[in-house]
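Colleague: What follows is a predicted protein model with its sequence.
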Amino acid sequence: LLFLSCIFQMDTTQESYLDLFPLDAIVYLTPDSENVLEDIDPNKVYILGGLVDESIHKKLTLQRAQEQSLQTARLPIREYMVKTVNTKNYHSETLAINQVFDVLSTYYETRSWPAALKAGVSSGKGYVLPDAVK
């Protein structure tokens, strides 16, 4: 499991994040959350839920966070990006861990969600920034 503090100290451990941090300091990032991540709070620890096959284990990360009574949030993809027309009619807000990390680290540096989402959300996900639509 990968967890990040706001200065992007990264660590891996066999210990549970539930044993390492207070519950109210943990934000579990999941594409299924109703809560939009609006800013990064330096007093929070953000849990990147892991790569989940969205067609088989839909909402698994959200359910896990709810079972553990954790705050959840999702990246603001819908708020800053638009769906593109593509041959597969495919649109997904589920990102790999490295993509989520790219979004978070770019946002932390730039304080710009459009710049951050451009850095981490590939066009293959079916979303682009509005200015990229022709």
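Modeller: Noted; the coordinates are in hand. Only a predicted model underlies this, so the values are computations on that prediction, with no experimental measurement involved. Numbering: from 1, shown residues only.
Colleague: Run through the helices of the chain in chain order.
Modeller: 17-20, 60-67, 77-80, 97-110, 113-120 (DSSP state H).
Colleague: CSV for the ones you listed, including distance to Y46?
Modeller: The way it works is simple: take the backbone N, C-alpha and C, and place the C-beta from them, glycine included. Shown next, in CSV, are the helices of the chain (distance: least, CB to CB, whole Å):
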stretch, distance to Y46
helix 17-20, 10
helix 60-67, 12
helix 77-80, 16
helix 97-110, 7
helix 113-120, 14
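Colleague: shaky segments in the protein?
Modeller: 1-11, 50-57, 87, 133-134 (pLDDT under 70).
Colleague: in it, which spans are strands?
Modeller: Using DSSP state E, the strands found in the chain span residues 2-5, 10-12, 26-29, 45-48, 71-73, 82-83, 127-128.
Colleague: Out of the ones you listed, the one nearest T106 is which?
Modeller: Set against T106 and scored by CB to CB, the strands of the chain come closest in strand 2-5, at 13.4 Å.
Colleague: coming back round to it: out of the helices of the chain, which is closest to V27?
Modeller: Closest to V27 of the helices of the chain is helix 60-67 (CB to CB; 8.9 Å).
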